[in-house]
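Colleague: Sharing a model that was predicted from the sequence below.
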Amino acid sequence: MHKYLLSILLALALLMPGCDKWKKDSSQLTPLAEVNGEVLYQEQFRSTFSDEQWERLSPEQKKQEIEDWVNVTLLAQEAEEQNLAEELAVRQRIDYATKKIKANALISKRLANINIGEEEMFNYYRLHRNDFQSKLMEYEVQRILCPDPATPEILLRRIREGYNFNTAVLEQSQEGLKQNLGRMGFVTAAGEDSLFWRAAHELKQNEPGIANIAGMTYILRHTNQREGNQDANFSEYRNEIRAILLRDKQKQAYEDLVRELKIRTSAIYYY
């Protein structure tokens, strides 16, 4: 939590130079909260999330994020009262964080133009067929049935922070299968639990993830895997291939962008 609050503090500090802009345009903004006379606007709140992150937030999660923002604002105001922002180390960290956010905005703009087509993915699959299993794997799945859409993200974060998965099943799962620690046994691509297979297929072994299946939301992981009898084809590896190509293109786009800027800039010196 300390690291989380610190990161938000840095983000808020970055907004400080633009406070006049928010005040000047406040008549056209939507207030969410007010802390000691400082108004927090919905437009500010929304700008801290990517489109993908925003779509994944439930109303309950948005409410919690706003509460975190209020808390951090209160802490930041107290830091201002104590003149902590004037300390050299703090100013340097704010300056570096400002540069990182500006750089990330530029990189995101470049990455937004990346497109990966079906033909490109299939060609990659043909060229690298030996890198993929010829037989589909079967996965031994363990799951937690969540009570509502707001729970999974919070529970998944707790598990990643050290909350034991078996304990989470017993304490949190909303189905009788929790008495068996949520273990489904091995699921297959062609079996009746193929949707769980698809979700497990997207995860690394013992890596927890969220799956929405038949109107229910689960946190699941696969603790074991084995080669099955069904032949694998492109469709089973489509998402994996897209992730590989996207990662490669993002890396290349970043390197190209830096190279272009360095060509245009002659005033770079190392001491």
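Modeller: All right, it came through fine. Given the structure is predicted, the values throughout are model-derived calculations rather than measurements. Numbering: from 1, shown residues only.
Colleague: Which helix or which strand is home to the spatially most central residue of the chain?
Modeller: Nearest to the geometric centre of the chain sits Gln53, at 6.7 Å (Cα atoms, centre = their mean). Secondary structure assignment for Gln53, by DSSP states H and E: helix 51-56.
Colleague: Pull out the buried residues from the helix or strand following that helix.
Modeller: Counting by DSSP H and E, the next helix or strand C-terminal to helix 51-56 is helix 59-81. Using 16 or more other Cβ atoms under 10 Å as the test for burial, helix 59-81 gives 62, 69-70, 72-73, 76, 79. Quick note: C-beta positions are derived from backbone N, CA and C, even for glycine.
Colleague: distance between helix 59-81 and the chain's centre?
Modeller: 20 Å (Cα atoms, centre = their mean, to the nearest Å).
Colleague: Equivalent analysis for stretch 143-161, please.
Modeller: For stretch 143-161, the distance to the chain centre is 14 Å (Cα atoms, centre = their mean).
Colleague: Let me see the ranges of the strands in the chain.
Modeller: Listed in chain order, the strands found in the chain under DSSP state E are 31-35, 38-41, 135-145, 183-187, 209-213, 216-231.
Colleague: and of the ones you listed, who's closest to Ile263?
Modeller: Of all the strands of the chain, it is strand 38-41 that lies closest to Ile263, at 39.8 Å by Cβ to Cβ.
Colleague: which other helices and strands contact that closest one?
Modeller: Here strand 38-41 touches strand 31-35, helix 59-81, going by 3 or more Cβ pairs under 8 Å, 6 or more residues apart in numbering; DSSP states H and E.
Colleague: buried sites along that strand?
Modeller: Neighbour counts over strand 38-41 (16+ other Cβ under 10 Å) mark 40-41 as buried.
Colleague: strands paired with that strand, and their directions?
Modeller: strand 31-35 (antiparallel) (DSSP bridges).
Colleague: Name the residues of the strand it pairs with that come out as buried.
Modeller: Using 16+ other Cβ under 10 Å as the burial criterion, the residues of strand 31-35 that qualify are Leu32.
Colleague: model confidence over it, on average?
Modeller: On average, the pLDDT along strand 31-35 is 90.
Colleague: Serialize the helices and strands packed on strand 38-41 to TSV and add fields for distance to Val90.
Modeller: Converted to TSV, the helices and strands packed on strand 38-41 look like this (distance: least, Cβ to Cβ, whole Å):
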stretch	distance to Val90
strand 31-35	20
helix 59-81	8
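Colleague: Since that was my last question, I'll sign off now.
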